[in-house]
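In: Sequence and predicted structure below; questions after.
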Amino acid sequence: MDVATLQYLLGMVGTVAFAVTGVLAVTPRGIDLFGACVLGLITAIGGGTIRDLILGVPVFWAADLNYIWVALAASFVAFLTERLLTRKEIYRTMLYLDALGLSMFAIQAAQKVMWIEFGMPLAPILMGVLTAIGGGLLRDVLAGQPTLLMRRELYAIPVTCGCVLYVVGLSWLPAYPVEFGITCSLFILVLRSAAIYWD
Amino acid sequence: MDVATLQYLLGMVGTVAFAVTGVLAVTPRGIDLFGACVLGLITAIGGGTIRDLILGVPVFWAADLNYIWVALAASFVAFLTERLLTRKEIYRTMLYLDALGLSMFAIQAAQKVMWIEFGMPLAPILMGVLTAIGGGLLRDVLAGQPTLLMRRELYAIPVTCGCVLYVVGLSWLPAYPVEFGITCSLFILVLRSAAIYWD
Amino acid sequence: MDVATLQYLLGMVGTVAFAVTGVLAVTPRGIDLFGACVLGLITAIGGGTIRDLILGVPVFWAADLNYIWVALAASFVAFLTERLLTRKEIYRTMLYLDALGLSMFAIQAAQKVMWIEFGMPLAPILMGVLTAIGGGLLRDVLAGQPTLLMRRELYAIPVTCGCVLYVVGLSWLPAYPVEFGITCSLFILVLRSAAIYWD
């Protein structure tokens, strides 16, 4: 299995995790199946969609609907198995998978923005953070609950640090984009996992 | 009168209904004339605007400002005659006209997306639903009230069923787009009207 | 110093004022530094970003990141010096600078829309208002507080009057765009300042 395939598969795992945590975040508010699927889908693809609109490129899911199918299926299953998924140990696992998605999507987004040389050097950082947290912000606003900007949780800050590290690092060592991307993703993953572990 | 003219006129009726129900949904919250016009306008054109941004095509109202004029005028009148319009029988009529707008805008949007072959076959369904409910979601978020995703009302589900039927049906019988579009619009209209009637 | 440089400098002053008032509007809700910077940035560039997405042109800050740097720095400083800035006389000064930003950004936006002849004559007015109030609306929605559409404050109405005056006036006297733009900006500034003064 080559790097691109692995990255794609991990991206799908991240999409599932985003959709599932998105649905679990709103089910206590007495939502129905339709609302759960819409909010799960928005959590999973919302950030990347806003990023692509700002970059002026076609939305990423138009060329590969698997992101939508996977997010809808995951939301559907999450709504039906909500009692199982909110068990403590399973929910923790979902949070770690969510952290995996977070770390990958942020760095991939920063990569995409650097690739098209859009608003260097600030925009890759901003778009990395937006991609990672945008979907969750949209979900919270539509579900009428406080957004993560109002919560003192280490969610967006690890992402920001990782994206800053990636952009600053690559400007010094432009010869190793793949290795550096993996390093920064792991950096975000470790920081966010620590925040989950000690929460 | 040909089909296109009829469709255009019905579209304007739908625009009026969207704006009026949009204004009536927020007037109990003590809004002023300016806020009412902004929220009425957003209810009427918000969904189609987000759709066009995602599709990467010019927003539909840029080429035909009648949608804006009509939505603003309807919001203005709705704010001034709010006491009259919230009378039970008149309000019901507005809800049925709103259902007419819903059914037309959803299928027209699905049609538009299929026409430019964007993200087939899922995107026409998603964009149909987004066009129909996006404006109302924006209005609720800006007015600080619960969005329809959090309410157990048969509003978005008839739209989704109609759009699924349209996309699935057309892939089997691609020879009758107009007839099939009218059928699916009527399907949404009947389902939504039933939900209003038995509410 | 020529008109363009002056306009650019005043634009930066407006950006600072938008970011600072944006941060001060949310600090009572117990936000952290990260949230303050995100919301300050969104207040400063949110309206212009949505405008550019609707116009289908590259977002204004992609070509000149100074808007982002200045907004982030201003948000950072505003968060740290919040106690100083919320002193009555200093806060008033910030409100007047905010009014300056408001009046400039609105007319500049109307100008930009007329320049590319987008949806004349209504779109320049709509986009002027959207540019001026869009960032604040986004901030309020993300911070979970009532948007200005729900408050009876003279904020958006002076902007709307100024933009209407600008578009109507220029269609009669198209020979003096710069002079007329300055006049309409001053008109908004005076109206909004009066509202601040007698509040």
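Out: Perfect, I can see it now.
In: in the least confident helix or strand in chain A by mean pLDDT, what's buried?
Out: Counting by mean pLDDT, DSSP states H and E, chain A has its least confident helix or strand at helix A:82-85, which shows a mean of 87. Using 16 or more other CB atoms under 10 Å in any protein chain shown as the test for burial, helix A:82-85 gives A:Leu85. Any C-beta I mention is one placed from the backbone N, CA and C, and that applies to glycine too.
In: Stretch A:177-184 too?
Out: In stretch A:177-184, counting by 16+ other CB under 10 Å, buried: A:180-182, A:184.
In: and chain A, which residues reach chain C?
Out: A:53-54, A:56, A:118-119, A:122-123, A:126, A:137, A:141, A:146-147, A:149-150, A:152, A:156-157, A:160 (CB under 8 Å from any CB of the partner chain).
In: which residues touch the least confident helix or strand of chain A?
Out: A:20, A:23-24, A:27, A:78, A:90-91, A:94 (CB atoms under 8 Å, 6 or more residues apart in numbering or on different chains).
In: Of those, which belong to strands?
Out: Among these, the subset assigned to strands under DSSP state E is empty.
In: buried subset of these?
Out: A:20, A:23-24, A:27, A:78, A:94.
In: Chain B next: which of these are close?
Out: Answer for those near chain B: none qualify (CB under 8 Å from any CB).
In: Restricted to helices, list those.
Out: Of the positions in those, A:20, A:23-24, A:78, A:94 sit in helices, assigned by DSSP state H.
In: and of the residues you listed, the nearest to chain B?
Out: When those are ranked by distance to chain B (CB to the nearest CB), A:Val23 comes first, at 11.9 Å.
In: who's in contact with the closest one?
Out: Per CB under 8 Å, 6+ apart, neighbours of A:Val23: A:36, A:39-40, A:43, A:74-75, A:78-79, A:82.
In: same question, A:Ile107
Out: Contacts of A:Ile107 by CB under 8 Å, 6+ apart are A:128, A:162-163, A:166, A:181, A:184-185, A:188.
In: Spell out the secondary structure type for A:Asp199.
Out: coil (DSSP: H, G, I helix; E, B strand; the rest coil).
In: distance of the closest residue to it other than its chain neighbours from C:Gly14?
Out: Once flanking residues are discounted, A:Asp199 sits nearest to A:Glu153: 7.8 Å by CB to CB, 6 or more residues apart in numbering or on different chains. Distance of A:Glu153 to C:Gly14, given as CB to CB, to the nearest Å: 33 Å.
In: tell me the mean pLDDT for the helix or strand that A:Ala110 is a member of?
Out: A:Ala110 is part of helix A:88-115, with elements assigned from DSSP states H and E. Across helix A:88-115, the average pLDDT comes to 92.
In: what's the next secondary structure element after it?
Out: helix A:122-143.
In: distance between that following helix and the chain's centre?
Out: 8 Å (CA atoms, centre = their mean, to the nearest Å).
In: and the angle from it to helix C:122-143?
Out: Relative orientation of helix A:122-143 and helix C:122-143, computed by axes from the mean of the first three to the mean of the last three CA atoms, to 10 degrees: 80 degrees.
In: Could you tell me the angle between the helix or strand just after helix A:122-143 and helix A:88-115?
Out: Using DSSP H and E, the helix or strand that directly follows helix A:122-143 along the chain is helix A:156-172. Here helix A:156-172 points in a direction 30 degrees away from that of helix A:88-115 (the same axes, to 10 degrees).
In: of A:Glu153 and C:Gly14, who's got more company?
Out: C:Gly14 (23 against 12; other CB atoms under 10 Å in any protein chain shown).
In: Ignoring the adjacent residues along the chain, who's closest to that one?
Out: C:Gly101 (2.5 Å).
In: what do you get for A:Val178?
Out: A:Val3 (6.7 Å).
In: tally of neighbours for the one you found?
Out: 10.
In: what pLDDT does it get?
Out: In this model, A:Val3 carries a pLDDT of 78.
In: Next, work out how far apart it and A:Val167 are.
Out: For A:Val3, the distance to A:Val167 - CB to CB - is 21 Å.
In: now do A:Val16
Out: Distance from A:Val16 to A:Val167, by CB to CB: 28 Å.
In: if we can go back for a sec, what would the contacts of A:Val23 look like in JSON lines with distance to C:Ala109?
Out: Below are the contacts of A:Val23 laid out as JSON lines (distance: CB to CB, whole Å):
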{"residue": "A:Ala36", "distance to C:Ala109": "39"}
{"residue": "A:Leu39", "distance to C:Ala109": "33"}
{"residue": "A:Gly40", "distance to C:Ala109": "36"}
{"residue": "A:Thr43", "distance to C:Ala109": "32"}
{"residue": "A:Ala74", "distance to C:Ala109": "41"}
{"residue": "A:Ser75", "distance to C:Ala109": "38"}
{"residue": "A:Ala78", "distance to C:Ala109": "42"}
{"residue": "A:Phe79", "distance to C:Ala109": "42"}
{"residue": "A:Glu82", "distance to C:Ala109": "45"}
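In: May I ask which two of the residues you listed are separated the most?
Out: Using CB to CB, the contacts of A:Val23 span at most 14.9 Å, a distance reached by A:Thr43 and A:Glu82.
In: which parts of chain A sit against chain B?
Out: A:29-32, A:34-35, A:38-39, A:49, A:53, A:58-59, A:61-63, A:65, A:68-69, A:141-144.
In: Report the buried members of those.
Out: A:31, A:34-35, A:38-39, A:49, A:53, A:59, A:61-62, A:65, A:68, A:141-144.
In: Run through the residues that contact the residue lying closest to A:Tyr67 once chain neighbours are set aside.
Out: Among residues not flanking A:Tyr67 along the chain, A:Trp61 sits closest, at 4.4 Å (CB to CB, 6+ apart). Residues near A:Trp61 by CB under 8 Å, 6+ apart: A:45, A:48-49, A:67-68, B:119.
In: Now with 10 Å, please.
Out: A:15, A:41, A:44-45, A:48-49, A:52, A:67-69, A:71, B:54, B:119, B:122-123, B:126 (CB atoms under 10 Å, 6 or more residues apart in numbering or on different chains).
In: Just the buried residues of these.
Out: So, by 16+ other CB under 10 Å, the buried ones in the contacts of A:Trp61 are A:15, A:41, A:44-45, A:48-49, A:52, A:67-68, A:71, B:54, B:119, B:122-123, B:126.
In: In those residues, find the pair that's most separated.
Out: A:Thr15 and B:Ile54 (17.9 Å).
In: Narrow the residues of chain A next to chain B to those in helices?
Out: A:34-35, A:38-39, A:49, A:53, A:68-69, A:141-143.
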